[in-house]
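**Q** Everything below, folded, please.
(chains A and B)
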Amino acid sequence: MGKKILVVDDDPDVRSFVLTVLEENQYTPLVACDGVEGLEVIQKEMPDLVILDVLMPRGSGIRLYRHLKTDDALKAIPVIMFTGIALRSFLKSQKVLEAFKGEKIPEPDIYLEKPVEPQELVDAIRKKLD
Amino acid sequence: MKIKKLLFVTKFESLCYDALQSLLDLRKSGLEHVVFLNVIEREKVSMRRGKGYIKEDEVRLKETANIRFIDWAENLFEMGMEVGAYIEVASLIPKILDVVEKETPDLIVIGRSRKGKLEQLYSRSDITELTRRSPVPILVFKHLAEGKMVPAKLFDRPLFATSWSNSSEKAVSCLKELGEVIGELHLMHVVNEKKLNSSDTHDVQSVRKNERNRLEDLCGEFAQKGISARPHVYVGDPETEILKAAREYQATLIVLGFSDRTALAERWLGSISRNIADKSMFPCLLFPVKK
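**A** This next block holds a predicted model:
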């Protein structure tokens, strides 16, 4: 069985695209539709990697990412951000939250702006896992 | 009651980023999360004679909405806010109520519906329908095509017309939490002319004095929360007088409790809040009866 990769995205078309890429490359895909469900799956399944959207209902990817990186049991799980939100906006939001909450969070391992070609996604996953 | 999370319902042509921006002052009093909702009407993507269901139309409409939401969300994320979004093909009111249940917002923001008079008589406006069924206060913005600019600071000079009802009490509890954003609050009560039928001047003046005292007591409660408030008693038809006061004091917003008339009575006899929300040029913050 391949390594477990969780896809957290509210768009069914995106989930379907990522799932196909993962299955074709012998990974074991897990899915969640929003930030709240994503955290539940992470705690239950402890995936090897998380592919995370930002703009989602019931808890954004920003909130989930901060949760992951501040939880000692989960902070080692690598995260690939996979979103339409610009990296500049993501980093700026982290700076504002850092100043407000007083906790510094590391930048995401890899940040991919949608859309990407399947090979680009595979390369990013391999870079983190293999 | 603090406004920490708001649900922003938009069709884009009626409610845009300028309306959202005028609400961002609420961050000073605790707003931290905005959820966008775009409901694509079923008719726009439904079966067409000779063509069937057009998937491309749905994809195009959803992606158009998504592009706008991403742009708005980037601005809000950069301010350190939490943002969520729903884009759904559905019926408007059931979908809003569905999202309200999932997200539990403290305020719904929606543009005014533009149904014809006959259509409103039989099907009621979306606002009326929503106020009947939602447990959450509703802020009604006006249609952009009406050429009304959204005030930069929506809560700068709110006019709160109290009827001393259960829903007005909810409005009081919410406004008290907005000390950081309210410039000056105008409190008013409209005395019905029927109450002044007495030929005795003393009786008429007593009615005015009693209402004024009640309003002054309420102003005192607001003062304790750091909100400057001024009382005003008006006499006459409530709908006309509330709009008159809003113009006189250059209100940025009208705050109203919704009546607890039955749906049937409201449909045939009308409702002050509904009429003001539907007709006036001012944004209206409506507090529903339902708990």
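**Q** Can I take it that residue B:181 is in a helix?
**A** No: judged by DSSP: H, G, I helix; E, B strand; the rest coil, residue B:181 forms no part of a helix; its state is coil.
**Q** burial of it, as a residue count?
**A** Neighbours of residue B:181 under the rule other C-beta atoms under 10 Å in any protein chain shown: 22. Any C-beta I mention is one placed from the backbone N, CA and C, and that applies to glycine too.
**Q** Could you report the neighbour count for the residue lying closest to residue B:185 once chain neighbours are set aside?
**A** In space, and not counting its chain neighbours, residue B:185 is closest to residue B:229: 4.1 Å by C-beta to C-beta, 6 or more residues apart in numbering or on different chains. A count of neighbours around residue B:229, defined by other C-beta under 10 Å, yields 21.
**Q** For residue B:229, give me the pLDDT.
**A** Note on residue B:229: pLDDT of 96.
**Q** so it touches residue B:179, yeah?
**A** No: Residue B:229 lies out of contact with residue B:179 (C-beta atoms under 8 Å); the separation is 10.7 Å.
**Q** what does the stretch 101-250 of chain B have sitting close to chain A?
**A** Along the stretch 101-250 of chain B, the residues adjacent to chain A under the rule C-beta under 8 Å from any C-beta of the partner chain are B:102-103.
**Q** show me the contacts for the residue in the stretch 101-250 of chain B that chain A sits nearest to.
**A** The nearest approach of the stretch 101-250 of chain B to chain A comes at residue B:102, 6.2 Å away (C-beta to the nearest C-beta). Applying C-beta atoms under 8 Å, 6 or more residues apart in numbering or on different chains, we find residue B:102 in contact with A:57-58.
**Q** Which helix or which strand is home to it?
**A** Element membership for residue B:102 (DSSP states H and E) is helix B:92-103.
**Q** The following helix or strand past that helix pairs with which strands, and in what direction?
**A** Per DSSP H and E, the first helix or strand lying C-terminal to helix B:92-103 is strand B:107-111. Strand pairing for strand B:107-111, using DSSP bridges, gives strand B:5-9 (parallel), strand B:138-141 (parallel).
**Q** By mean pLDDT, show me the worst of those.
**A** Ranked on mean pLDDT, the bottom entry among the strands paired with strand B:107-111 is strand B:138-141, at a mean of 89.
**Q** Relative to the whole chain's centre, how far out is that one?
**A** With C-alpha atoms, centre = their mean, to the nearest Å as the basis, strand B:138-141 stands 3 Å off its chain's centre.
**Q** again, but for stretch A:29-38
**A** Between the centre of stretch A:29-38 and the centre of its chain there are 10 Å (C-alpha atoms, centre = their mean).
**Q** ok, and what's touching that stretch?
**A** A:4-10, A:15, A:18-19, A:22-23, A:40-41, A:45, A:47, A:50, A:52, A:56-61, A:63-64, B:84.
**Q** again, only using 7 Å
**A** Contact with stretch A:29-38 is made by A:4-8, A:10, A:15, A:19, A:22-23, A:41, A:45, A:47, A:56-61, A:63-64, as judged by C-beta atoms under 7 Å, 6 or more residues apart in numbering or on different chains.
**Q** And it, end to end?
**A** 13 Å (C-alpha to C-alpha, to the nearest Å).
**Q** Give me the distance between the helix or strand hosting residue A:13 and the centre of its chain.
**A** Residue A:13 belongs to helix A:12-24 when assigned by DSSP H and E. Computed by C-alpha atoms, centre = their mean, the chain-centroid distance of helix A:12-24 equals 14 Å.
**Q** The residue nearest to residue B:216 when sequence neighbours are not counted - how many residues pack around it?
**A** Excluding the flanking residues, the one nearest residue B:216 by C-beta to C-beta, 6+ apart is residue B:231, at 5.3 Å. When counting by other C-beta under 10 Å, one arrives at 18 neighbours for residue B:231.
**Q** can I assume residue B:231 sits in a helix?
**A** No: Residue B:231 is assigned strand when assessed by three-state DSSP, not a helix.
**Q** Hmm, it is touching residue B:219, no?
**A** Yes: with contact defined as C-beta atoms under 7 Å, residue B:231 reaches residue B:219; the gap is 5.4 Å.
**Q** end-to-end on stretch B:243-253?
**A** 11 Å.
**Q** For it, buried residues please.
**A** For stretch B:243-253, a neighbour-count test (16 or more other C-beta atoms under 10 Å in any protein chain shown) marks B:243, B:245-246, B:249, B:251-253 as buried.
**Q** does the lengthiest helix in chain A come close to chain B?
**A** Assignment by DSSP state H gives helix A:87-101 as the longest helix of chain A. Yes: Helix A:87-101 is in contact with chain B by C-beta under 7 Å from any C-beta of the partner chain, via A:89-90, A:92-93, A:96-97, A:100.
**Q** Among the residues you listed, which one lies nearest to residue A:112?
**A** Nearest to residue A:112 among the residues of helix A:87-101 next to chain B, counting by C-beta to C-beta, is residue A:90 at 11.5 Å.
**Q** residue ranges with poor pLDDT in chain A?
**A** Within chain A, no stretch has pLDDT under 70.
**Q** Please read the previous query as pertaining to chain B.
**A** Using pLDDT under 70, chain B drops low at B:13-15, B:46-52, B:113-125, B:143-151, B:195-196, B:198-199, B:259-270, B:290-291.
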